[in-house]
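Give me the fold of what follows.
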Amino acid sequence: MSFGFLGIQFGFALQNANVSRIFETLGGTEIALYWLAAPLTGMLVQPIIGYMSDRTWSPKWGRRRPYFMVGAILASLALLVMPNVTALWMAVGMLWIMDSSINISMEPFRALVGDLLPSEQRTTGFAAQTFFIGVGAVVASSLPWMFTNWFGISNTAPAGQIPLSVKYAFYIGGAVFLAAVLWTVFNTKEYPPDNLEEFEEEKRRTAGFWNGIRESFAGIFNMPKTMVQLAVVQFFSWLALFSMWIYTTPAVTSHIYHTTDTTSKLYNEGADWVGICFAVYNGVSAIAALLLPAVARATSRRFTHLLCLVAGGLGLISIVFIQDPNMLLLSMVGVGIAWASILSVPYAMLAGALPANKMGYYMGVFNFFIVLPQIVAGLILGFFTKNVFHGEAVYTLVLGGCSMIIAGLLTLRVNDDDDIRLPAAGPVALEGAGYDAPVETDPRL
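Got it, this is the predicted structure:
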């Protein structure tokens with residue numbers, strides 16, 4: 001059920017590592033502002049897709065899988081088109097389309113784990129997703145560097161043109177995205193609703209596209225307490241991540257490679273090295289994801305998330321002290337540990353606080369707190385970089401590191417419902433919780 005995330009992260013990793021480079025190549029200067037296209041689509045798409053998938057059931061295709069397939073086809077086409085754009089406005093528009101399509105596939109994957117796994121397995125389930133995310137992102141982030149250094153394909157191009165190494169990376173990404181998601185579509189079994197008559201009645205009662213939009217956006221005012229607490233943690237965590245994804249390329253090329261000329265060999269070497277750095281943090285996250293359930297059992301999910309976010313914050317802050325590109329890889333170790341936790345622990349805590357019949361809906365609403373920090377990043381980080389940090393993008397990464405540490409401290413305020421609901425008694429250790437408790441067996445498993 002998690003293998004499709006390898007393809008989804010192929011798309012996201014190519015987007016995160018290369019879109020700022022494409023914007024700069026096409027003459028863009030307000031990079032953070034251009035990135036606003038992505039969160040605005042996520043804010044619309046994810047809650048609506050979650051709401052719709054909760055009300056979908058097909059004996060052949062299940063509940064979530066139809067959305068996996070549609071999103072995968074659209075995202076793959078967008079990945080093929082993106083490196084062939086010839087104008088800045090086209091690149092911004094393709095980012096909008098590409099991000100929308102990836103979100104159509106991604107949101108139901110989160111709900112699928114909540115649907116199919118009992119509480120004691122959810123931390124491991126989300127950790128498995130994180131493992132495949134890491135594997136996919138390692139390869140995708142490295143592809144431009146690999147094409148240049150292993151196959152001799154040029155990583156430079158005339159002004160206003162995308163290098164061939166980047167184009168080939170996007171072509172490979174489109175194929176892998178579609179193949180990996182289709183593997184999950186055709187090899188995962190979903191369970192029907194417990195009571196089909198009640199399910200159909202609920203679907204008729206809440207039918208209608210506009211009702212779905214209204215319900216999706218109203219959900220932000222009716223969130224469970226744990227979800228509200230996690231929302232604040234998510235806001236500061238993702239503000240840090242967006243500062244990294246938007247500004248690592250200009251920060252590394254100017255602070256370490258000492259160039260802003262996008263046509264120069266030195267700039268493109270630095271941009272390729274950013275891809276390697278992103279591959280390293282994703283590789284670390286794949287390994288860390290396998291260890292998170294054990295750490296959470298030994299401590300708690302909240303303390304585990306705190307440790308990981310502090311490690312990530314220190315990793316981002318450390319970049320300001322680095323002049324040797326190779327030392328950036330050490331910084332990325334901390335970021336990778338944080339990334340593993342961000343992709344799994346909050347969702348494991350959240351799933352235990354949600355009603356089963358609204359899992360997709362609330363997972364979609366939860367995405368607001370990924371989208372909102374990206375909007376904030378698009379609106380304010382450019383101002384800070386230009387007017388407060390005088391164009392030194394590396395200090396924007398420091399700001400992101402501080403934001404991630406704040407998120408870690410706020411995690412201690414979260415009520416983990418599984419910790420509260422189940423007493424410390426019994427012989428079986430629950431995955432993802434710091435206690436022993438009897439396990440309730442799902443009769444369908």
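
Touching stretch 322-338 from outside, list them.
Contact with stretch 322-338 is made by 134, 237, 244, 252, 256-257, 270, 273, 276-278, 280-285, 288, 308-309, 311-316, 318-319, 404, as judged by C-beta atoms under 8 Å, 6 or more residues apart in numbering. For every residue, glycine as well, the C-beta is placed using N, CA and C.

Flag every buried residue along it.
Going by neighbour count (16 or more other C-beta atoms under 10 Å), the buried part of stretch 322-338 is 322, 325, 328-329, 331-338.

Over to stretch 12-32?
12-26, 28, 31-32.

so what's the closest residue to residue 289 other than its chain neighbours up against?
Spatially, and ignoring its direct neighbours in sequence, residue 289 is nearest to residue 130 (3.7 Å; C-beta to C-beta, 6 or more residues apart in numbering). Listed by C-beta under 8 Å, 6+ apart, the contact partners of residue 130 are 285-286, 289, 292, 339-340, 343-344.

Kindly recompute the last result at 7 Å.
285, 289, 340, 343-344 (C-beta atoms under 7 Å, 6 or more residues apart in numbering).

ok, the residue nearest the centre of the chain to residue 23 distance?
Note on the chain: the residue nearest the mean C-alpha position is residue 343, at 6.7 Å, using C-alpha atoms, centre = their mean. Using C-beta to C-beta, to the nearest Å, residue 343 is found at 26 Å from residue 23.

Could you pull out the buried residues of the helix or strand containing residue 101?
Following DSSP states H and E, one finds residue 101 within helix 88-116. Applying a neighbour-count criterion of 16+ other C-beta under 10 Å, the buried positions in helix 88-116 are 88, 91-92, 94-116.

Okay, now the unreliable bits of the stretch 1-150 of the chain?
Low-confidence segments of the stretch 1-150 of the chain (pLDDT under 70): 37-39, 41-42.

correction: the stretch 301-445 of the chain
Scanning the stretch 301-445 of the chain for pLDDT under 70 picks out 356-357, 360-361, 364, 417-445.

Now do the helices in it.
In the stretch 301-445 of the chain, the helices defined using DSSP state H, counting those that start in this stretch lie at 301-318, 328-342, 345-351, 359-366, 368-376, 382-383, 394-411, 417-421.

now the stretch 101-250 of the chain
Here the stretch 101-250 of the chain has its helices, by DSSP H, counting those that start in this stretch, at 119-151, 164-187, 196-205, 209-218, 225-255.

In CSV, list those helices along with distance to residue 408.
Formatted as CSV, the helices of the stretch 101-250 of the chain follow (distance: least, C-beta to C-beta, whole Å):
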stretch, distance to residue 408
helix 119-151, 17
helix 164-187, 31
helix 196-205, 39
helix 209-218, 29
helix 225-255, 8
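
quick one, which of the ones you listed is nearest to residue 44?
Closest to residue 44 of the helices of the stretch 101-250 of the chain is helix 209-218 (C-beta to C-beta; 8.4 Å).

re the thing from before, give the closest residue to the residue nearest to the centre of the chain in space, chain neighbours not counted.
residue 130 (4.4 Å).

Please tell me how far that neighbour sits from residue 106.
13 Å.

now residue 58
For residue 58, the distance to residue 106 (C-beta to C-beta) stands at 20 Å.

Kindly report the same for residue 341.
In terms of C-beta to C-beta, residue 341 sits 18 Å off from residue 106.

what's the domain layout of the chain?
Per the TED database, the domain ranges recorded for the chain read 1-191, 219-419.

And the ones you listed: which comes nearest residue 198?
Nearest to residue 198 among the domains of the chain is domain 219-419 (8.9 Å), distances taken as C-beta to C-beta.

Please compute how far the closest one lies from its chain's middle.
9 Å (C-alpha atoms, centre = their mean, to the nearest Å).

coming back round to it: would you reformat the helices of the stretch 301-445 of the chain as JSON lines and include distance to residue 197?
Putting those into JSON lines (distance: least, C-beta to C-beta, whole Å) gives the following:
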{"stretch": "helix 301-318", "distance to residue 197": "37"}
{"stretch": "helix 328-342", "distance to residue 197": "40"}
{"stretch": "helix 345-351", "distance to residue 197": "26"}
{"stretch": "helix 359-366", "distance to residue 197": "20"}
{"stretch": "helix 368-376", "distance to residue 197": "33"}
{"stretch": "helix 382-383", "distance to residue 197": "53"}
{"stretch": "helix 394-411", "distance to residue 197": "41"}
{"stretch": "helix 417-421", "distance to residue 197": "29"}
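
now for those helices, which one comes closest to residue 71?
Across those, residue 71 has its closest neighbour in helix 359-366 (13.2 Å, C-beta to C-beta).

quick one, what contacts the residue nearest to the centre of the chain?
129-130, 133.

Swap in 10 Å and give it another go.
Going by C-beta atoms under 10 Å, 6 or more residues apart in numbering, residue 343 touches 5, 9, 110, 126-127, 129-131, 133-134, 285, 289, 292.

between the residues you listed, which is closest to residue 222?
Comparing the contacts of residue 343 against residue 222 with C-beta to C-beta picks out residue 110 as the nearest, at 19.0 Å.

Spatially nearest residue to that closest one, not counting backbone neighbours?
residue 363 is the one closest to residue 110 (C-beta to C-beta, 6+ apart), at 4.6 Å.

Can you report how many residues neighbour that neighbour?
Residue 363 has 27 neighbours, counted by other C-beta atoms under 10 Å.

Was I right to think it contacts residue 50?
Yes - here residue 363 reaches residue 50: they are 5.4 Å apart, a contact under C-beta atoms under 10 Å.
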